[in-house]
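**Q** Let me see the structure of the following:
(2 chains)
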Amino acid sequence: MFSAATRTGVLGATRTSVSRSLATPAVRAFVATPMRQTEEPQSVVAERARKHRPVSPHLSIYQPQMSWVLSGLHRNTGVLIGGAAYMYAAMFGLAPAFGLDMSSAAMAGSLATLPAVVSISAKALISGCLSFHVFGTMRHLLWDSGRMVNNKGVITTGYAAMAASALATGYLTFF
Amino acid sequence: MLSKSLSLARLRTPVQQRVLQLHTARPLLFKASSPRALFGDEVPNPATVPQPAANRLKGSYHWMNERAVSIISLPLLATAFIYGSNPINDMLMGVVLPVQVYMSFEQVLTDYFHARRWPVVSRVLKYSLVAITGLAMFGAWRINTTDVGLTNYCSRLWNANKKKKQDDEQ
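**A** Model prediction:
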């Protein structure tokens, strides 16, 4: 399949050393599909070929932009914070069934012995996720009211949300 | 239909004639989409067809419910972070925040495990989501009633490695 391209070069140009190196990349992943048995139906062969076929890059080549990076971050921080809060609250609810003591005194006592590095990084992660998600919520509500729904608005509100959440994270982690 | 349009087209400019030809190139398609072709002789009167009853939990109402829950959660969180502990605020947070997290997770589920493509997985995940939401609301209620309240609980854990103990502030 690639021999045809290298014969005429990329874009039908003459086959120079440059076009040859462009047409046949130096490192190409070689994906071996198992040999076809003669009695297999075409659908089985097609299914196997589909499984072994490489996927074109998508997320890895899309330029990071304020729109989708912050949108993904809003969702991921929400899932993290919400999921963690759900797990913790559910565990607290079921604690007497498992004989666990999760009262504030007991938990505070066990958390007081954590090394400073662990406690500061945990606090930074939690407060960072929560504050970015809260300011992202305000950003989404602003859009839902119809305001700043344009490219410039996305970028401006994005920087504002990031700045606010950085300040809030710094305050909550260290004070 | 085609002959009628072509006869009228003689009165127009060449460009308009060409446009008319293009627009009426497939008259059968336009004919098929008329109500008579679909219903025959019994074309229903749109005014008499009953509309489905409005479900306040679906569609645009659901969207507005999501916004309402998000808007309500903001002053609740602001009170908790700025003022401190308040029993009514803690109780409200114990209800509003799980509801908001539930609605958000429902959207995530619909995005990645839509029922059309994942009939079993989506159902399993949705039931698990309802279960864990119920458990979380129960846990929040238990913190509010048997322990010091959501705000105080979080602040005690947050400031556990500080030397002084703070109860109602921050």
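
**Q** Please tell me the pLDDT value assigned to A:Ala5.
**A** Looking at A:Ala5, its pLDDT stands at 46.

**Q** Please apply the same query to A:Ala90.
**A** We have a pLDDT of 94 for A:Ala90.

**Q** Okay, buried residues for the helix or strand containing it please.
**A** If you go by DSSP states H and E, A:Ala90 is part of helix A:66-98. In terms of neighbour count (16 or more other C-beta atoms under 10 Å in any protein chain shown), helix A:66-98 has its buried residues at A:70, A:73-75, A:77-82, A:85-86, A:88-90, A:92-93, A:95. C-beta: built from backbone N, CA, C; applies to glycine.

**Q** Would you mind writing the CA trace of the next helix or strand along the chain from it as CSV?
**A** Downstream of helix A:66-98, the first helix or strand assigned by DSSP H and E is helix A:104-112. Taking C-alpha atoms only, helix A:104-112 is exported to CSV below (Å, rounded to 0.1, in the frame of the first residue of the first chain):
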residue,chain,number,x,y,z
SER,A,104,-14.8,14.3,63.7
ALA,A,105,-12.7,13.8,66.9
ALA,A,106,-11.4,10.4,65.7
MET,A,107,-10.7,11.5,62.1
ALA,A,108,-9.0,14.8,63.2
GLY,A,109,-6.9,12.8,65.6
SER,A,110,-5.7,10.4,62.9
LEU,A,111,-5.2,13.3,60.4
ALA,A,112,-3.1,15.3,62.8
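
**Q** and the angle from helix A:104-112 to helix A:66-98?
**A** Counting by axes from the mean of the first three to the mean of the last three C-alpha atoms, to 10 degrees, helix A:104-112 lies at 120 degrees to helix A:66-98.

**Q** which helices and strands sit right next to helix A:104-112?
**A** Here helix A:104-112 touches helix B:150-158, going by 3 or more C-beta pairs under 8 Å, 6 or more residues apart in numbering or on different chains; DSSP states H and E.

**Q** I'd like the average pLDDT over the helix it packs on.
**A** 94.

**Q** So the chain: which segments form each domain?
**A** The chain I'm using is chain A. A:10-51, A:65-87+A:100-174 (automatic domain parsing).

**Q** you looked at the wrong chain, it should be chain B
**A** Per automatic domain parsing, the structural domains of chain B span B:2-42, B:60-169.

**Q** which residues touch stretch B:44-58?
**A** With contacts defined as C-beta atoms under 8 Å, 6 or more residues apart in numbering or on different chains, stretch B:44-58 is touched by B:Tyr61, B:Asn65.

**Q** first vs last residue of that stretch, how far apart are they?
**A** 27 Å (C-alpha to C-alpha, to the nearest Å).

**Q** The closest residue to chain A within chain B: how many residues sit nearby?
**A** As assessed by C-beta to the nearest C-beta, chain A sits closest to B:Gly139 within chain B, at 3.3 Å. By other C-beta atoms under 10 Å in any protein chain shown, the residues close to B:Gly139 number 25.
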